[in-house]
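Engineer: how would this look folded up:
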Amino acid sequence: MEVTTQMGVYSEQYQRGISDPEGFWAAAATALTWYEEPSHILDDTRAPFYRWFPDGRINTCFNALDRHVGAGHGDRTALIHDSPVTGTTTSYTYAELRRLTARFAGVLRGLGVARGDRVVIYMPMVPEAVVAMLACARLGAVHSVVFGGFAPRELALRIDDARPKVVVSASCGIEGSRVIPYKPLLDEALRLATYSPDTSVILQRPEAHAELSERDLDWDEAMAAAAPADCVPLAATDPLYILYTSGTTGRPKGVVRDNGGHAVALAWSMANIYDIGPGDVWWAASDVGWVVGHSYIVYAPLLVGATSVLYEGKPVGTPDAGAFWRVVAEHRVKALLTAPTAMRAIKKLDPAAELMAGYDMTPFRCLFLAGERLDPDTYDWARTTLGVPVIDNWWQTETGWPIAANPRGLEPMEVKPGSPSVPMPGYDLRILDFEGHDRPAGEEGAIALRLPLPPGTLTTLWGDDDRYVDSYLSRYPGFYLTGDGGYRDEDGYVFVMGRMDDVINIAGHRLSTGAMEEVVAAHPDVAECAVIAVYDALKGQVPRAFVVLKATAVRDAGELEAEIIHEVRDRIGPIAALRDVTVVAALPKTRSGKILRASMRSLANGDDAPAPATIDDPAVLESLRLALRKEN
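Structural biologist: Numbers count the residues shown, from 1 in each chain. Here you go, the predicted model:
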């Protein structure tokens, strides 16, 4: 596919998305099947609570499954469940997935679940999790997927906020070599919650059997007794799901996604950003508990008739750092979407990619990365190792699909390392100063999006319109504040330098930790790193770097520290004042792969930092805590 730097098609489409959003998204909506096609595209009468396709009627499950079966594609593979932790691989055609989904929708209907009711799904990476999500969409019930294995208190908070009629769970999940019983966690969450759902449906897995109570139903038994349920026509503005993201007050924020706008935006993004269409094999290496899993494991690939890989494993350790290459080769994956953290983990253990040998990567065409900032060193390693385009894209739980990306299906563009490329149609992206004025090219500021946001983005926060406005819309009237800082260059490319609270103020000079991390990550012995701000009595704040070394690194720690400090001083300047580089075995991360910089910052400043609910391995944070105590 030829790469262009002229941005002709992209520029035309982007400008139309800004100047004529109703025309642009009306055209995009024709890719789907509607019970009643929308004649009114954008309702702005309740701004800032904009609504897309307000008079349209649609069903997301019908468009993801039934539409393809009805068009004669029922034998096409819809889902491949690849589970190295259980040693199994299972495929489902569109017809088979529709049959299972309709049957489980019948289970939920039999339990009294109807349009607008909520269902909490607390499951591992198994096909039944996808079935449960689609079954909710089939009925018009609002699903809220909570990452399997979340702590009981956090699960209880989400149950109290969503007030589900039914909870769907499993007897256990498998994390690497550990079997984690879910039922005791769910029981404790229900004990802590003030709200009590009517029923729990439990999938029994052979790795651990769960003891069921009177209000629990066995998944298999319920499925055997249920009659299939048809799709329910829904208003495009009806909510499809609630996805909780951490809030600053301790109460989770429930991002609300609608049916119509969500389906239109995801179908457009799958074809135009990721260049994936009917019959293509696509793999989003995430979890259904995160936004990437919602958008790009379940909904987007099925909406366009592709084959989606559902992977129950890790980038490393299940069994080794060649696991991703096996999955790509075995299932003939065309494109992979994962986090830069996954690539850094593989690079750390297998920097020369020796474990790729023997795998036929011929069908593989593109690697997409999102979730963490893609540093140029990881970009270069992945591009050289894989020999395919490596494409960064930047978005958030709240937006549901990329804000900035390189539109491979629309017009492949030049890649600039360190940039997720350009804003996508519908996102009027601005770089603003403190007073809300546009910053010139090359100068950093707050990244904001002019309202209305495009379809597929959050419509509000569940049950709390005021919090939605306060959290995202109050800082710059008429704009959505992303919370990230960055700049645009002369070509319009976006450079996201990190969260605005990760900017260090050194003796009155504001410097980006992202820029420093680029320098540190470029060191040949560094696998991954984090730069955070720590308190300094003289300068206010100074940077501190934490680095994880590659498995092949043999450099003396003192020599390594001196080299990194010299490089930062040389490339950022003496004002950076980096004096402290600490080698650690691992960085604390969320389960979606994001580095817990706020927790690290608290520990480095001597504050107490309890492990957040989203942490992947609390032992890593505790190890860092002990190491810092010894230093002090």
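
Engineer: Please list all residues in contact with residue 120.
Structural biologist: Counting by Cβ atoms under 8 Å, 6 or more residues apart in numbering, residue 120 touches 143-146, 155, 158-159, 162, 164, 166-168, 197. To be clear about C-beta, it is placed using only N, CA and C from the backbone, and glycine gets the same treatment.

Engineer: The same query, at a cut-off of 7 Å, please.
Structural biologist: Listed by Cβ atoms under 7 Å, 6 or more residues apart in numbering, the contact partners of residue 120 are 144, 146, 158-159, 162, 164, 167.

Engineer: what distance separates the helix or strand containing it from the centre of its chain?
Structural biologist: Element membership for residue 120, per DSSP states H and E: strand 118-122. Mean-position distance between strand 118-122 and its chain equals 19 Å (Cα atoms, centre = their mean, to the nearest Å).

Engineer: Can you list the strands that it pairs with?
Structural biologist: strand 142-145 (parallel), strand 166-170 (parallel) (DSSP bridges).

Engineer: who wins for proximity to residue 463 among those?
Structural biologist: Among these, strand 142-145 comes nearest to residue 463, with 11.5 Å by Cβ to Cβ.

Engineer: and residue 378, what element?
Structural biologist: Using DSSP H and E, residue 378 falls in helix 376-386.

Engineer: Which residues in that helix does the neighbour count mark as buried?
Structural biologist: By neighbour count on 16 or more other Cβ atoms under 10 Å, the buried set for helix 376-386 is 377-379, 381-382, 385-386.

Engineer: Could you identify the least confident member of those residues?
Structural biologist: Minimum pLDDT for the buried residues of helix 376-386 is recorded at residue 377 (86).

Engineer: Quick check: it vs residue 343, distance?
Structural biologist: 10 Å (Cβ to Cβ, to the nearest Å).

Engineer: what's the overlap in contacts for those two?
Structural biologist: With Cβ under 7 Å, 6+ apart, residue 377 and residue 343 have no common neighbours.

Engineer: re earlier: now render the strands paired with strand 118-122 as a markdown table, adding mean neighbour count and mean pLDDT.
Structural biologist: Below are the strands paired with strand 118-122 laid out as a markdown table (neighbours: other Cβ atoms under 10 Å; pLDDT from 0 to 100):
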| stretch | mean neighbour count | mean pLDDT |
| --- | --- | --- |
| strand 142-145 | 26 | 98 |
| strand 166-170 | 27 | 98 |
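
Engineer: Out of the ones you listed, flag the one nearest residue 535.
Structural biologist: strand 142-145 (38.5 Å).

Engineer: on contacts alone, who are the packing partners of whichever helix or strand comes after that closest one?
Structural biologist: Next along the chain after strand 142-145, taking DSSP H and E as the criterion, comes helix 152-162. Under the contact criterion of 3 or more Cβ pairs under 7 Å, 6 or more residues apart in numbering; DSSP states H and E, helix 152-162 touches strand 118-122, helix 183-192.

Engineer: who touches helix 152-162?
Structural biologist: With Cβ under 7 Å, 6+ apart, helix 152-162 has contacts from 118, 120, 122, 144, 146, 185, 188-189, 192-195, 197, 242, 244, 251-252, 254, 462, 613.

Engineer: Quick check: mean pLDDT of that helix?
Structural biologist: Rounded mean pLDDT across helix 152-162 is 93.

Engineer: Now do it against strand 118-122, angle only.
Structural biologist: 160 degrees (axes from the mean of the first three to the mean of the last three Cα atoms, to 10 degrees).

Engineer: Output the below-cut-off pLDDT ranges for the stretch 201-350 of the chain.
Structural biologist: 246-250 (pLDDT under 70).

Engineer: let's see 80
Structural biologist: 246-251 (pLDDT under 80).

Engineer: which stretches of it form strands?
Structural biologist: 216-218, 234-235, 239-245, 253-258, 281-284, 307-311, 335-338 (DSSP state E, counting those that start in this stretch).

Engineer: Would you format these as JSON lines with distance to residue 597 included?
Structural biologist: Output for those, formatted as JSON lines (distance: least, Cβ to Cβ, whole Å):
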{"stretch": "strand 216-218", "distance to residue 597": "40"}
{"stretch": "strand 234-235", "distance to residue 597": "40"}
{"stretch": "strand 239-245", "distance to residue 597": "16"}
{"stretch": "strand 253-258", "distance to residue 597": "19"}
{"stretch": "strand 281-284", "distance to residue 597": "24"}
{"stretch": "strand 307-311", "distance to residue 597": "27"}
{"stretch": "strand 335-338", "distance to residue 597": "20"}
